[in-house]
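Colleague: okay, sequence plus prediction incoming.
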Amino acid sequence: MPARRRTTLSATAVVLLISAAVLSSCSDDKKPAGGGASAGSGAAAAAGRGTSPLENPDGTKPGLAPLTSAEDQKAGRELIAKVSTAAAGPKDGYDRNEFGPAWTDNVDGIPGGHNNCDTRNDLLARDGSAVERKDGSTCVVTSMTIHDPYTGKTVEWDKKQASKIQIDHVMPLSYDWQMGAAKWDKLKRVQIANDPLNLIPADGSQNASKGDSGPSAWLPASPEIRCSYAVRFAQVSLKYQLPVTDADKKAMLQQCGG
């Protein structure tokens, strides 16, 4: 009797194991491929290359990933098409101080404002990995590894070479001024200067070469990121209801196959 009972229990266990395997297989078959995200943006995120701008409308997620699929590029063109155009106004009266103190935390209405950390360090922490901070500080970044979307290179950065990575205003502040920000109140100008949607840590020489150029005059060195850059430029334009020049809009559409 004891031996016969052990055999029965063993057979039951086998049946249960087979049933569990079948149920697991059925469950996997019902899962959508890629978790609902596009193949291009998903692959980029998995490789640690940042987030698709189409999946990051407020700029709070890390980095800037390439838009490589036809579907994503089409979505990019559709977003860019919503941007209005106008002739650039004069630079008269422009001054960086018109947009508030550089990297101020004292700003309302944007992610990261009043979080007891300045905008620059917020952005370094957002996009960097293996981030180390100053002893006793929950804010000041002293070293990190970061993928620079503008060149496609991975950079080992530390505060001793601070200018190696600079924070780019995607829609430059002088450009903003010429396209309508000269008429804004100070609060709105401080917002666009510190909004994570308008800010990308990137190679210092790339930032310096850009100056206050729009997309018809300057694009990132890496061709694969240019559609994403154009989309991010459009996202800032639409959020702040700032037009771009006709030449810039055409250049933006071209980067996404338009």
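Modeller: Arrived safely, thanks for sending. Values in this document were obtained by computation on a predicted structure and should not be read as measured data.

Colleague: what sits against residue 100?
Modeller: Residue 100 makes contacts with 107, 186, 189-190, 193-194, as judged by C-beta atoms under 8 Å, 6 or more residues apart in numbering. Heads up, the C-betas are built off the backbone N, CA and C, glycines and all.

Colleague: mind running it again at 7 Å?
Modeller: For residue 100, the contacting residues are 186, 189-190, 193, by C-beta atoms under 7 Å, 6 or more residues apart in numbering.

Colleague: so how far is residue 119 from it?
Modeller: 10 Å (C-beta to C-beta, to the nearest Å).

Colleague: so which of the contacts of residue 100 comes closest to residue 129?
Modeller: residue 193 (25.9 Å; C-beta to C-beta).

Colleague: for that closest one, which non-adjacent residue is closest in space?
Modeller: Excluding the flanking residues, the one nearest residue 193 by C-beta to C-beta, 6 or more residues apart in numbering is residue 99, at 3.9 Å.

Colleague: now residue 221
Modeller: Using C-beta to C-beta, 6+ apart, the closest residue to residue 221 is residue 151 (5.2 Å).

Colleague: show me the contact partners of stretch 195-210.
Modeller: 58-60, 64, 110-112, 123-124, 126-127, 146, 148-151, 163-171, 192, 218, 220-221, 235-236, 239.

Colleague: sorry, that was for stretch 137-155
Modeller: So stretch 137-155 is contacted by 48-50, 63-64, 116-117, 121, 124-125, 127-134, 156-159, 164-165, 200-203, 206, 220-222, 224-225 (C-beta under 7 Å, 6+ apart).

Colleague: can you rerun that using 6 Å?
Modeller: Identification of contacts with stretch 137-155 by C-beta atoms under 6 Å, 6 or more residues apart in numbering yields 49-50, 64, 117, 121, 124-125, 127-134, 156-159, 202-203, 206, 220-222, 225.

Colleague: and what of stretch 245-253?
Modeller: Here stretch 245-253 makes contact (C-beta under 6 Å, 6+ apart) with 77, 80, 83, 85, 88, 214-216, 230.

Colleague: which two among those residues are spaced furthest apart?
Modeller: Farthest pair in the contacts of stretch 245-253, by C-beta to C-beta: 77 and 88, 23.2 Å.

Colleague: higher neighbour count, the two?
Modeller: Neighbour totals were compared for residue 77 and residue 88, and residue 77 leads with 20 against 17 (other C-beta atoms under 10 Å).

Colleague: what residues of the host helix or strand of that one count as buried?
Modeller: For residue 77, the host element (DSSP states H and E) is helix 70-80. Under the neighbour-count criterion of 16 or more other C-beta atoms under 10 Å, helix 70-80 has 72-73, 75-77, 79-80 buried.

Colleague: now for the helix or strand harbouring residue 231, which elements pack on it?
Modeller: According to DSSP H and E, residue 231 maps onto helix 226-239. If you count contacts as 3 or more C-beta pairs under 6 Å, 6 or more residues apart in numbering; DSSP states H and E, helix 226-239 packs onto helix 70-80, helix 246-255.

Colleague: alright, I will stop here.
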